[in-house]
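Q: model this:
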Amino acid sequence: MKQRLPVITIFLGSLLLFGVQPMLGRTLLPSFGGTAAVWTVCLAAYQTLLLAGYFYAHTISRRAMRTQRVAHTVLMVLAAVWTAGFALCRPVLKAWIGNSAAPALEVLFCVLAIVGLPYVLLSAGSTLVQAWLARGAAAGGGVYRLYAVSNLGSFAGLLVYPFLMEPYVSLTAQWWGFAVCLAVYAALLWCTGACAATSDSPITSDSSDWSDSSDSSGNAWLWFVLPAVSVFALNAVTAHLTLDVMPLPLLWVVLLGLFLLSYVVGFSGRAERHLVVWQLLSVLSVLATALVHRRSGAGGGFMLNLSACLALCFFGSTFLHTWLYALRPRTGRLTLYYLGNAAGGAVGGLLASLVAPMVFTRVTEFPIAMALVAAAGVMYVFFTRGVPKVARAACVVLALGALAAFVVSVRPKSGDRPVVWRERGFFGTLQVLEAKARTSTGDGVIREFVHGNTVHGIQALIPGKERMPTTYFTPQSGGYAVLAHPKYRTGEPMRVNILGLGVGVMLCYARTNDVYRCYEISPEALSVARNPELFTFVSGCPAQVELIMKDARKGLEEELAAGVEPYDVIQIDAFTGDNLPYHLSTREAFELYFKMLKPDGILAVNISNWHLSLEPFVKSVGESFGCPVLGLATENDFGRLAFAAKFAFFCRTPEKLAPPPRGVAQLDFRRQKSMPLPTDEKGSFVSTIKWK
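A: The predicted structure follows:
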């Protein structure tokens, strides 16, 4: 048991370290509009805290064993108390979060304030235990291999949360459980330190604990560079897939999981014997990714792009981490080695997550990451002794091929539509595309507003067609929410609330006596909608239009508290990429919608989604609130600029609605399986993922 105690301690600490990451993200997402950018900023914050933890471990490891053990255990107990305090105060603090004009900086502050102390201490735990084993007589084998155990625990924590914790355990219970686990971990640390503290003097470590060829200070800079490249590549690939290709649910779990597995493989000790093979696979994955990027483009060929990027993430990271393991120093410099690792990861994460979005208007960090991985492969074969000439030649050929494919891939294709506007912000990449059009009424252009790879609005700027409803909001789909209401047919004034403005296509149905209040959380999207030189849905609208830049749920909660008049129609189209924000989809959220809806009002929900089957969710909402629901499904009609769409219309007085449009398919929710309706505290949409 004494020999297993360090393994158990390291595994539990790493499990908690990566379990708290998605838990905190789940806590913060509702306050920041549910955007995936929250996760990428959190990643950068975690890398910075990891650096702080390794620096703390490097500093305290110079003290006597008993001093280290007492100080670290006391701090762990303090971290457990701090976490329990947050669990107690979380409902009150929630109202104060997410109101800043700089959301990225506020997310960073929240991460530091909420989990800064426990995260730093958990980050230091694995390094300290390894240092204790290296100093004492408890070292039974290569201590560096315990880093593989650490990453295996991290991998377990990453998978446990979305599949076992989030769907079944409330957020409050999760935070209290995390506080208890921190206390248990503190006890394990104390026992592990006691077992390792048989001697305060260094001993001769196992020969597997260092690489003689790498122990010189001349190679120490690679302890920083290699993890910097791997973390930069991880963030860049994540941004590319979620912003440019397709926001697949839980995709970040897969990418981060592969990244952690690459550490497990690289630090297992076995991969070092085949380092040249991993290097060739790494450069080959860069070549394949560049070729796929050229063939299908950023926004097409989803499976090809996904497969190539997953290969790049795993093979590239495994090569870099195996090389990093091969450069391990003697255990006397163990903490400095891990400190360099953390510093590189922090810099790479910050460059990709914070600097790149501010500098680039597109995901330029992705091709930069490919170039860095390929350059690392070439650098290895030319600066490492003993690499066969055949491997060097193969690497050069593959690297040149990757470079050529990359240069060709970034060149505009002849059929590409011109981009008239492009911007990138906290909520993703946005661009406006333009194509010339000629009709019987005259010549003009068709403008298309794209958020990531999802079209959020099209306008035909052609004489007589400017106010033609398009995309998901034709009279047969989203527009039915307004046209079906009895007030529209009788000409009475209507109050309409739109959650997710886009460029304002729904304003085509507005009349001079109507009031349209529109919530939009992205300042970049709001500026596009307001710019009459790009789109005229807002500027040419005859109704009273109120544009509010705020999270829709927060806005409706404020309206309810202020006694604002309810609405005749509320339409929910607040998609982030192609994922429905969780906090807009819970029981509490729909309770708010129905409170802000008049008795004969219509609640329309856009359930068009590539990867989520939301029909069971709609059925659960209808059953939970006892409200009839009508579902309509349309097909693509590109001649009319109409996209295939699915809408659910909730109305307590369905007999007052206009008949459904002719030729439009109706969804039969009775055939759908019921699902537990998610709440603010507990729930998940994993069961709705279209796995096939």
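Q: just to confirm, which helix or strand has the closest residue in space to residue 60 that isn't next to it in sequence in it?
A: Spatial nearest neighbour of residue 60, excluding adjacent residues (Cβ to Cβ, 6 or more residues apart in numbering): residue 68 at 5.4 Å. Placement of C-beta: from N, CA and C, glycine included. Assigned by DSSP states H and E, residue 68 falls within helix 65-93.
Q: Go through that helix and flag the buried ones.
A: By 16 or more other Cβ atoms under 10 Å, the buried positions in helix 65-93 come out as 65, 68-69, 72-73, 75-76, 79-80, 82-84, 86-87.
Q: just to revisit the earlier point, any idea how far the residue nearest to residue 60 is from residue 135?
A: 10 Å (Cβ to Cβ, to the nearest Å).
Q: One more: residue 678?
A: Taken as Cβ to Cβ, the span from residue 678 to residue 135 is 49 Å.
Q: Neighbour count for these two, which is higher?
A: Using other Cβ atoms under 10 Å as the criterion, residue 678 and residue 135 rank with residue 135 on top: 24 against 21.
Q: Can you tell me how far that one is from residue 332?
A: Residue 135 is 9 Å from residue 332, by Cβ to Cβ.
Q: Could you pull up phi and psi at residue 466?
A: Main-chain torsions, residue 466, degrees, to the nearest 10: phi -60, psi -30.
Q: Compute the number of surrounding residues for it.
A: 15.
Q: quick one: contacts for it?
A: When contacts are counted by Cβ atoms under 8 Å, 6 or more residues apart in numbering, residue 466 touches 459-460, 536, 540.
Q: Kindly report the same for residue 600.
A: With Cβ under 8 Å, 6+ apart, residue 600 has these contacts: 485-486, 568, 651-653, 656.
Q: Mind checking which of those are in helices?
A: Among those, DSSP state H puts residue 486 in helices.
Q: Any chance of a markdown table for the contacts of residue 600, columns distance to residue 560 and pLDDT?
A: What follows is these, written out as a markdown table (distance: Cβ to Cβ, whole Å; pLDDT from 0 to 100):
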| residue | distance to residue 560 | pLDDT |
| --- | --- | --- |
| 485 | 21 | 97 |
| 486 | 24 | 95 |
| 568 | 16 | 98 |
| 651 | 20 | 97 |
| 652 | 18 | 95 |
| 653 | 22 | 95 |
| 656 | 24 | 93 |
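Q: Of the contacts of residue 600, which belong to strands?
A: residue 568 (DSSP state E).
Q: Give me the buried entries from the contacts of residue 600.
A: 485, 568, 651-652.
Q: just checking, what packs against the helix holding residue 68?
A: Helix 65-93 sits against helix 37-60, helix 103-135, helix 171-196, with contacts defined as 3 or more Cβ pairs under 8 Å, 6 or more residues apart in numbering; DSSP states H and E.
Q: Please work out the average pLDDT along the shortest one.
A: What helix 37-60 shows for mean pLDDT is 85.
Q: Give me the buried positions along that helix.
A: Here helix 37-60 shows 37-58, 60 as buried, counting by 16+ other Cβ under 10 Å.
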